[in-house]
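In: Just the structure for this:
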Amino acid sequence: MKTTTTTTALAALALVAAGLTGCSAPAPGATAPPTATGSPTVAAPPAPVDVSAELAALEDEFAATVGVSVVDTGTGASVAYRADERFAYASTLKAFAAAEFLHDVPAGERDEVVTWTAADVEASGYSPVTSAAVDTGLPLSELAEAAVRQSDNTAMNLVLDRVGGPAGLDAGLAELGDTTTEVVDREPELNTVAPGSTANTTTPAAFTADLAALLDGDRLDDADLATLLDWMSGNATGDALIRAGAPDGWTVADKSGGAGGVRNDVAVVTRPDGDPLVVTVLTVADDPAAGYDDALVARTAAVALGALG
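Out: Purely as a prediction, here's the structure:
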């Protein structure tokens, strides 16, 4: 069921984004504050669709823990499972680093060519784009694109350098309203989470809220949002993940991540005739030595997206 994001869909997303107001709302069952006589009452969002039995069965089948947060930006319908539990984010963070780059760096400065060394590549790990351009360097914008499309680690570190390092990205997420995610390290250390530590972790709910905030038009203008979604639509490492679990005809712009037993994906998913859904699927194998399985993410996405139809 592999799908890709078309130029038309990206344009539609950009138009929708301008009118979104984000996904935060009172907790299900909460009483709305009093309103002035005659003023309209804003209905609370519907309670999350319960797919806990299906996802618990997948956890048993794959010997893993799954966290999911999906929100329909049009209706407020949602799916949540372990949505407030912490998981390592791995390379999904690159989508948010690229968003921070687009927010921080003026368009006229994005063509600045940056250079690095072979030692930088060796220290960073997986770097399919920058390893081939050590002698020439690349423009900042191409580095941000490489970090998202190809999950290039050296490119990610160079983008982090431009936005103030991990602390700068952490501050940018806080400006989106995210005080949960803790960005502490660069590549490849950001893939490591010490037992009991919250460094280099997030929650499904936090990342889904971040994606929704990026779509609402306040953080990125229409052109920069379209650029980010275009980079995510070409993610070369995500075909077997949320894209594989999306219904036929739905479009997916995503950023994957994985290390050891961790396999994750975050995405903006659009039906042919509906508003975007923001999706976070974070997973970790019970036995990290066993590695991860892409099928777990795909099947989790199929359950969650199927529940919202």
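In: what ranges do the strands span in the stretch 101-250 of the chain?
Out: For the stretch 101-250 of the chain, the strands defined by DSSP state E, counting those that start in this stretch occupy 113-114, 138-139, 201-202.
In: Thr227 is nearest to which of those strands?
Out: When the strands of the stretch 101-250 of the chain are compared by C-beta to C-beta, strand 138-139 sits nearest Thr227, at 13.4 Å. All C-beta spots, glycine's among them, are computed from the backbone N, C-alpha and C.
In: before we move on, the earlier item: let me have the strands of the stretch 101-250 of the chain in TSV, extended by mean pLDDT.
Out: TSV is the format used below for the strands of the stretch 101-250 of the chain (pLDDT from 0 to 100):
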stretch	mean pLDDT
strand 113-114	98
strand 138-139	98
strand 201-202	98
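In: Please identify the most buried of the ones you listed.
Out: The highest mean neighbour count among the strands of the stretch 101-250 of the chain, using mean count of other C-beta atoms under 10 Å, belongs to strand 201-202: a mean of 24.
In: So which residues make contact with it?
Out: Residues outside strand 201-202 that contact it (C-beta atoms under 8 Å, 6 or more residues apart in numbering) are 86-89, 178, 180-182, 193, 282.
In: Those residues: which two are farthest apart?
Out: Checking the contacts of strand 201-202 with C-beta to C-beta, the most distant pair is Asp178 and Val193, at 17.6 Å.
In: what's the nearest residue to Ala307 if we skip its chain neighbours?
Out: In space, and not counting its chain neighbours, Ala307 is closest to Val49: 4.4 Å by C-beta to C-beta, 6 or more residues apart in numbering.
In: Count the residues that sit near that neighbour.
Out: Val49 has 18 neighbours, counted by other C-beta atoms under 10 Å.
In: quick one: it and Ser78 touch, right?
Out: Yes. Counting by C-beta atoms under 8 Å, Val49 does reach Ser78; the two are 7.0 Å apart.
In: Mind listing the residues bridging to the residue nearest to Ala307?
Out: With DSSP bridges applied, Val49 shows beta-bridge pairing to Val79.
In: follow-up on the earlier one: need the strands of the stretch 101-250 of the chain in CSV with distance to Arg186, can you?
Out: Listed next are the strands of the stretch 101-250 of the chain as CSV, based on distance: least, C-beta to C-beta, whole Å:
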stretch, distance to Arg186
strand 113-114, 15
strand 138-139, 18
strand 201-202, 16
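In: Show me the helices in the stretch 201-309 of the chain, by range?
Out: Along the stretch 201-309 of the chain, counting by DSSP state H, counting those that start in this stretch, helices occupy 204-215, 222-233, 242-245, 294-308.
In: contacting residues around the last one?
Out: Pointing back at helix 294-308 there. Helix 294-308 is contacted from outside by 49, 51, 54-55, 58, 62, 64, 66, 68, 70, 72, 77-79, 81, 240-242, 244-247, 250, 263-265, 269, 277, 279, 281, 283, using C-beta under 8 Å, 6+ apart.
In: The same query, at a cut-off of 7 Å, please.
Out: 49, 51, 54-55, 58, 62, 64, 66, 68, 70, 72, 77, 79, 240-242, 244-247, 263, 265, 269, 277, 279, 281, 283 (C-beta atoms under 7 Å, 6 or more residues apart in numbering).
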